[in-house]
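**Student:** okay, here's the prediction I keep looking at, along with the sequence it came from:
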Amino acid sequence: MNKDLFLKNTPARKSNVCPAYRKRLATAFAVSALVASGWGSLIAGASAATASETSSAACTNEADFQAGTVVEYESRDNLSPATSRGKTETLGREAFAGANPVASVHTSFLNNAPFFLTTTFAEIKDGRLIRYGDRHGAGASLMTTTYQPPASTPIDLQPGQTVTVSYKNKAVSAGGTVEFDVVEKLTYNGRETIKTALGTFDTCKFTNEISTGPVSAEQPKQVVVVQNWFPADGPYRGQSIRSVTPPANGVAQRISEVVKMQYGTR
């Protein structure tokens, strides 16, 4: 678990890329499907049947990399009375950043109207998830983000194992180019049984610490910590069904939970 700029009628300016990108990182794991950016539903390709009882490889769904897979969900959090709705559709392979990864479109809705759109690009290769970047908006508001080098992480982790990924985030829009240094410290905490509105599940719990800062290092780095839970079996295997962002910098703890989900293929 997912994986995002608001669509605008005016070109993105260099001055507003930074906060928008930080906001995306802060919420990258708060939605199901990989909005983001992210881990969870994109951590697919390994066979759950061959994984150990404690391995993170069980919390995968191979269908997430098959063209035509569609995941629709509704979620709620403790900081807002509103229900959020989102949709992820796997399109298939597409040329991006010198590679041919799988493209997935992630859409958020407000009053049944799309207002948040991202296409992510990733693939499974040699037992690793490789993320190449993403694309937001269209026309004058189009922003293309690439990870240099592509972010690569192993699929099969054991409880307590931590992997660290470092890359440069390069965001290009009509307003200019902005680069950030990103360090992701992902820890697989192990299995945990949780009860949600969707039911009770044996899940894989992850903690991701994301550190971002300008390449120039003239400003202090910002750190966001996000926890996610992904079912190891059942109809929602591999999808983020709960995320928690601990309190930080005067912002209260945010707990987001999926309350409805439909998973299908075309």
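**Tutor:** Received it, and whenever you're ready, just let me know what you need.
**Student:** what is residue 231 paired to in the beta sheet?
**Tutor:** Counting by DSSP bridges, residue 231 forms beta bridges with residue 203.
**Student:** for it, the count of nearby residues, please.
**Tutor:** Neighbourhood size, residue 231 [other CB atoms under 10 Å]: 24. Backbone N, C-alpha and C define where each C-beta goes, glycine included.
**Student:** what's the distance between it and residue 225?
**Tutor:** In this view, residue 231 and residue 225 are 22 Å apart by CB to CB, to the nearest Å.
**Student:** same deal with residue 108?
**Tutor:** In terms of CB to CB, residue 108 sits 22 Å off from residue 225.
**Student:** which residues does residue 117 bridge with?
**Tutor:** Applying DSSP bridges to residue 117 yields these beta-bridge partners: residue 107.
**Student:** give me the neighbour count for it.
**Tutor:** By other CB under 10 Å, the residues close to residue 117 number 17.
**Student:** surely it touches residue 136?
**Tutor:** Yes. When contacts are counted by CB atoms under 8 Å, residue 117 is listed as touching residue 136 (6.7 Å).
**Student:** start and end of stretch 126-145, how far apart?
**Tutor:** 24 Å (CA to CA, to the nearest Å).
**Student:** just the buried positions in that stretch, please.
**Tutor:** Residues of stretch 126-145 classed as buried: 128-137, 141-145 (neighbour count, 16 or more other CB atoms under 10 Å).
**Student:** and stretch 257-266, by the same measure?
**Tutor:** For stretch 257-266, the buried set under the neighbour-count rule, 16+ other CB under 10 Å, comprises 257-258, 261, 263.
**Student:** what pLDDT, on average, does it get?
**Tutor:** With pLDDT averaged residue by residue, stretch 257-266 scores 89.
**Student:** go on, stretch 143-155?
**Tutor:** Averaging pLDDT along stretch 143-155 gives 95.
**Student:** chain center to it, what's the gap?
**Tutor:** Centre-to-centre, stretch 143-155 and its host chain are 12 Å apart (CA atoms, centre = their mean, to the nearest Å).
**Student:** cool, stretch 71-78 as well?
**Tutor:** Centre-to-centre, stretch 71-78 and its host chain are 14 Å apart (CA atoms, centre = their mean).
**Student:** what does that stretch contact?
**Tutor:** For stretch 71-78, contacts defined as CB atoms under 8 Å, 6 or more residues apart in numbering pick out 30-33, 41, 82-89, 239, 253-263.
**Student:** so what secondary structure elements neighbour the strand ranked longest in the chain?
**Tutor:** Criterion DSSP state E: the longest strand present in the chain is strand 176-196. Contact partners of strand 176-196 among helices and strands, from 3 or more CB pairs under 8 Å, 6 or more residues apart in numbering; DSSP states H and E: helix 14-27, strand 143-154, strand 162-173, strand 199-214, strand 222-231, strand 254-264.
**Student:** for the third one, C-alpha coordinates in CSV please.
**Tutor:** Once non-C-alpha atoms are left out, strand 162-173 reads as follows in CSV (Å, rounded to 0.1, in the frame of the first residue of the first chain):
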residue,chain,number,x,y,z
THR,A,162,14.4,-2.8,7.2
VAL,A,163,15.4,-1.7,3.8
THR,A,164,16.6,1.8,2.9
VAL,A,165,16.1,3.4,-0.6
SER,A,166,17.7,6.7,-1.7
TYR,A,167,16.9,8.5,-4.9
LYS,A,168,16.5,12.0,-6.4
ASN,A,169,13.0,13.1,-7.2
LYS,A,170,12.9,15.2,-10.3
ALA,A,171,9.6,17.0,-11.0
VAL,A,172,9.2,18.7,-14.4
SER,A,173,6.3,21.0,-15.2
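**Student:** many thanks, have a good one.
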